[in-house]
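[1] Can you look at this prediction? I've put the sequence above it.
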Amino acid sequence: MNKTLAAVVLMLGTASLAHANAMPKGDAAAGAGKAAVCAGCHGMDGNSPAPTFPKIAGQNAKYIYKQLHNFKTGARNNPLMMGMAAPLSDQDMADLAAYFSDKKMSGGAANAELAKKGERLFRGGNKQVGLAPCAGCHGPAGEGNQYAAYPRLAGQYADYTKAQLIAFRAAGRDDNTDVKRIHDKDKPLELGPMQMIAAKLSDKDIDALASYIQGLRN
């Protein structure tokens, strides 16, 4: 990881941790009673029945809380989730995060033709283009970082991961597309690490990473 990107990642981790530490103590039992509205897209146990919706079972609680907060404030733009998060209190978000993080994410399988390249990128990045390895923030097994509120990736649907990487890349390159993921920028007009990282990925890189991540176990 080059020094500039490392510094940006460190700053983002510090900011994420500061926000995550403000999370109320979640009650998984209370969250179970509030999760019915989430089940249509994410499944009652957090394992979405459709690959276009993310699995949130076993996801880091602080990450779930942070994303719900971002949807509620409009910092992350998704009309469906913004509407779902709008009536939630901070305690509701914490309870839902506690409930889903306590569930077990279902496994997936990687495409054998893509997995080897995906593993190289995930664990080692690509020095030729200055691409940092995913494992640096998300862990060698894709378990995420609960303290910095970095998400668990292992087992996530390839379709969903691919869509997110394309959206991050579009923001990083300012591609002419309506779908850009820009919610984690530290300041207006500044790109966050994921936008800068994804800007270096080719379509084939994204396919390989998404497939490898789907097959990860931890």
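    On my side now, so go ahead. Numbering: from 1, shown residues only.
[2] Show me where the chain has its helices.
    Taking DSSP state H as the criterion, the chain carries its helices at 3-20, 28-34, 36-42, 61-73, 79-85, 90-101, 112-124, 135-138, 158-173, 193-198, 203-215.
[3] Count residues in the vicinity of residue 217, would you?
    The tally of other residues near residue 217 (other Cβ atoms under 10 Å) stands at 10. Bear in mind the C-beta positions are built from the backbone N, C-alpha and C, glycine included.
[4] so it sits right up against residue 154, yeah?
    Yes. In this structure, residue 217 sits in contact with residue 154. The criterion is Cβ atoms under 8 Å, and the distance is 6.4 Å.
[5] closest one to residue 181 among the helices of the chain?
    Proximity of the helices of the chain to residue 181 was assessed by Cβ to Cβ; the nearest stretch is helix 158-173, lying at 3.7 Å.
[6] Look up how far residue 139 lies from residue 189.
    With distances defined as Cβ to Cβ, to the nearest Å, the gap from residue 189 to residue 139 amounts to 30 Å.
[7] Okay, domains of this structure per the record?
    Per automatic domain parsing, the structural domains of the chain span 9-101, 107-215.
[8] mean pLDDT lowest for which of those?
    Taking each of those in turn, the one with the lowest mean pLDDT is domain 9-101, at a mean of 89.
[9] Which residue, other than its chain neighbours, is closest to the residue most central in space within the chain?
    Most central residue of the chain, judged by C-alpha distance to the mean C-alpha position with Cα atoms, centre = their mean, is residue 151 at 4.7 Å. Counting by Cβ to Cβ, 6 or more residues apart in numbering, the nearest residue to residue 151 once its immediate chain neighbours are dropped is residue 63, at 4.6 Å.
[10] Appreciated, that's everything.
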